[in-house]
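Colleague: A predicted structure for the sequence below; I have some questions about it.
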Amino acid sequence: MNPQTVIETLQAQDFDYWMDKMIDEVPETVDTRQGSIIYDAMAPAATMLAEQSLQLADSVKQGYTSTAEGDPLDWHAADKGTTRQPATAAQVTVKLTDSDGNPINSVELADRFASVGDDPIFYMVTKVNGDGTAVLTAEVAGSAPNSYLGQVVPVTPNDSLSWAEITEVSVPARDAEDDDHLRARLLSPNSYIAYGGNVADYADMLAQITSVGAGQIYPAWAGGGTVKLVILDNDLLPASKELLTQVQSEIDPDQEASGYGLAPIDHEVTVVAPEVLKIDVASKVSVAANETLGTVTEKIKTAVGEFFRVLRSQWDILDSRTGRGYFMTVYRSQLLAQIMKVEGVVDASLPTLNGKEADVVLTFTNEVSQLPEVGEVVISE
């Protein structure tokens, strides 16, 4: 039996299970009805046996990586030489102006700001750019600050400042790794050892940088000793200039190939963002009698957007056919399946992609690495 079957078998051994087994051992001439002397005498034992079965089921569950949860899963991770990825703090770009609307730089490191609202997000200045902008880092870890753009007010007094506004989430944060994601990493069949600047080594480097959501590795892309890293942020969108600068500095500062970063000596590493490929989707649908096209269209747009988000989550997986390089196709049939799942849709045509009746094969070469994003979604009857 596999662990899950053992767990389910033990969990089924409840009070009634143990009581029935004990009653089966009692002579038929003895009254075993509920409330009888023998029944009441055996009931505490049946309760204890049922509790022990549940405890044993939990021990089996937490003893295997495939079924463990919470802290026990962290223990399995430690056995594999890794840990649960922690939540990170968002980094945002703030625009600073005086009362005349002119850019100012009169903030200092560690100055604090807060978002506007009933539940404010607090930020700390971690970099002053010198062009009337600064980088703020959220004081709370997690993805909540990723969605906030707009005015922030100074907590640290600043007489020169009239207006401060977050214009960009430069480095989105991520939440702590959940059990499912950690378990998938631990059970990954990848047996390559990260060593000496091989592909697995660079994949491990990127995994250790918490602001990177995904990355592709192109070895020897411009000759021997050169490596190109194409990265996404934690929202699985192209990395911002701020994030690219940070990752470049951490792996190969100034591209000197001198070994002062994570990259081995003589490895010249280039860190870039992918080229976004917008894909327009168009389909004709038939809607249920109690639905309107407008309502269904919004639901379809949400479903298509989620389809592309899932695609981007698989963007850095090596080609399963060869185990080398990257490969991804946007299939019309898979999009149709998502559209048909939308409540209120009774039928739909095979969608066109960018106006063509063909699947879209993304380009992954030393020169170009594409990232699929949904463009315009047009739904008609």
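Modeller: Perfect, thanks for sending it.

Colleague: and Ser143, how many neighbours?
Modeller: If you count neighbours by other C-beta atoms under 10 Å, Ser143 ends up with 17. Placement of C-beta: from N, CA and C, glycine included.

Colleague: hang on, it packs against Ala173?
Modeller: Yes: counting by C-beta atoms under 8 Å, Ser143 touches Ala173, with 5.3 Å between them.

Colleague: Between those two, which contacts overlap?
Modeller: Counting by C-beta atoms under 8 Å, 6 or more residues apart in numbering, the contacts common to Ser143 and Ala173 are Ala87, Ala90, Asn234.

Colleague: Just among those residues, which is most surrounded?
Modeller: Ranked by neighbour count (other C-beta under 10 Å), these have Ala90 at the top, with 28 neighbours.

Colleague: Contacts only, for it.
Modeller: So Ala90 contacts Thr137, Ala138, Ser143, Pro145, Asn146, Val169, Val171, Pro172, Ala173 (C-beta under 8 Å, 6+ apart).

Colleague: Taking these, tell me the two that lie furthest apart.
Modeller: With distances taken as C-beta to C-beta, the most widely separated pair in these is Thr137 and Ser143, at 14.2 Å.

Colleague: quick one, helices of the protein?
Modeller: Applying DSSP state H to the chain gives helices spanning 3-11, 15-23, 37-63, 70-79, 179-186, 199-208, 241-251, 293-313, 332-340.

Colleague: circling back: can you say which of the contacts of Ala90 are buried?
Modeller: Thr137, Ala138, Ser143, Pro145, Asn146, Val169, Val171, Pro172, Ala173 (16 or more other C-beta atoms under 10 Å).

Colleague: For Tyr331, state which of the shared contacts of Ser143 and Ala173 is nearest.
Modeller: Of all the shared contacts of Ser143 and Ala173, Asn234 has the smallest distance to Tyr331: 26.5 Å, by C-beta to C-beta.

Colleague: Correct me if wrong: that closest one contacts Val169.
Modeller: No: Asn234 is beyond contact range of Val169, at 9.8 Å (criterion: C-beta under 8 Å).

Colleague: Which neighbours do these two have in common?
Modeller: Shared contacts of Asn234 and Val169, counting by C-beta under 8 Å, 6+ apart, come down to Asn146.

Colleague: Poorly predicted segments of the stretch 51-200 of the chain, please.
Modeller: In the predicted model of the stretch 51-200 of the chain, residues 190-192 satisfy pLDDT under 70.

Colleague: So what touches stretch 5-16?
Modeller: Identification of contacts with stretch 5-16 by C-beta under 8 Å, 6+ apart yields 1, 43, 46-47, 49-50, 53-54, 56-57, 60-61, 67.

Colleague: picking up where we left off before, tell me the one of the contacts of Ala90 nearest Glu25?
Modeller: Closest approach to Glu25 among the contacts of Ala90 (C-beta to C-beta): Ser143, at 57.4 Å.

Colleague: picking up where we left off before, with distance to Glu242 added, can I get the contacts of Ala90 in CSV?
Modeller: Shown next, in CSV, are the contacts of Ala90 (distance: C-beta to C-beta, whole Å):
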residue, distance to Glu242
Thr137, 11
Ala138, 14
Ser143, 17
Pro145, 15
Asn146, 14
Val169, 10
Val171, 6
Pro172, 11
Ala173, 13
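
Colleague: From the residues you listed, which land in strands?
Modeller: Of the contacts of Ala90, the ones assigned to strands by DSSP state E are Thr137, Ala138, Val169, Val171.

Colleague: now, among the contacts of Ala90, which is nearest to Val125?
Modeller: Nearest to Val125 out of the contacts of Ala90 is Thr137 (C-beta to C-beta; 8.1 Å).

Colleague: Relative to Val116, how far out is that closest one?
Modeller: According to C-beta to C-beta, to the nearest Å, Thr137 stands 18 Å off from Val116.

Colleague: How about Gly355?
Modeller: Gly355 is 43 Å from Val116, by C-beta to C-beta.

Colleague: More neighbours: which of these two?
Modeller: A side-by-side neighbour count of Gly355 and Val116, using other C-beta under 10 Å, places Val116 first with 11 against 8.

Colleague: Which residues are in contact with the more buried one?
Modeller: Neighbouring residues of Val116 by C-beta under 8 Å, 6+ apart: Gly150, Gln151, Val152, Val153.

Colleague: which one among the residues you listed gets closest to Asp254?
Modeller: Nearest to Asp254 out of the contacts of Val116 is Val152 (C-beta to C-beta; 32.6 Å).

Colleague: Just grab the bridge partners of the closest residue to that closest one other than its chain neighbours for me.
Modeller: For Val152, ignoring the flanking residues on the chain, the nearest one in space by C-beta to C-beta, 6 or more residues apart in numbering is Phe113 at 4.2 Å. With DSSP bridges as the criterion, Phe113 is bridged to Tyr123, Pro154.

Colleague: ok, now which ones touch Phe113?
Modeller: So Phe113 contacts Val94, Phe122, Tyr123, Met124, Val125, Leu136, Val152, Val153, Pro154, Val155, Thr156, Ala164 (C-beta under 8 Å, 6+ apart).

Colleague: which of these lies closest to Ile317?
Modeller: When the contacts of Phe113 are compared against Ile317 (criterion: C-beta to C-beta), the nearest one is Leu136, at 33.6 Å.

Colleague: From Ala164, how far out is the closest residue in space to the closest one that isn't next to it in sequence?
Modeller: Among residues not flanking Leu136 along the chain, Tyr123 sits closest, at 3.7 Å (C-beta to C-beta, 6+ apart). With the distance defined as C-beta to C-beta, Tyr123 ends up 10 Å from Ala164.

Colleague: List buried residues within the contacts of stretch 5-16.
Modeller: Buried subset of these (neighbour count, 16+ other C-beta under 10 Å): Ala46, Leu49, Ala50, Ser53, Ala57, Val60, Lys61, Thr67.

Colleague: Who are the contact partners of the last one?
Modeller: With C-beta under 8 Å, 6+ apart as the criterion, the residues that contact Thr67 are Pro3, Gln4, Ile7, Val60, Lys61.
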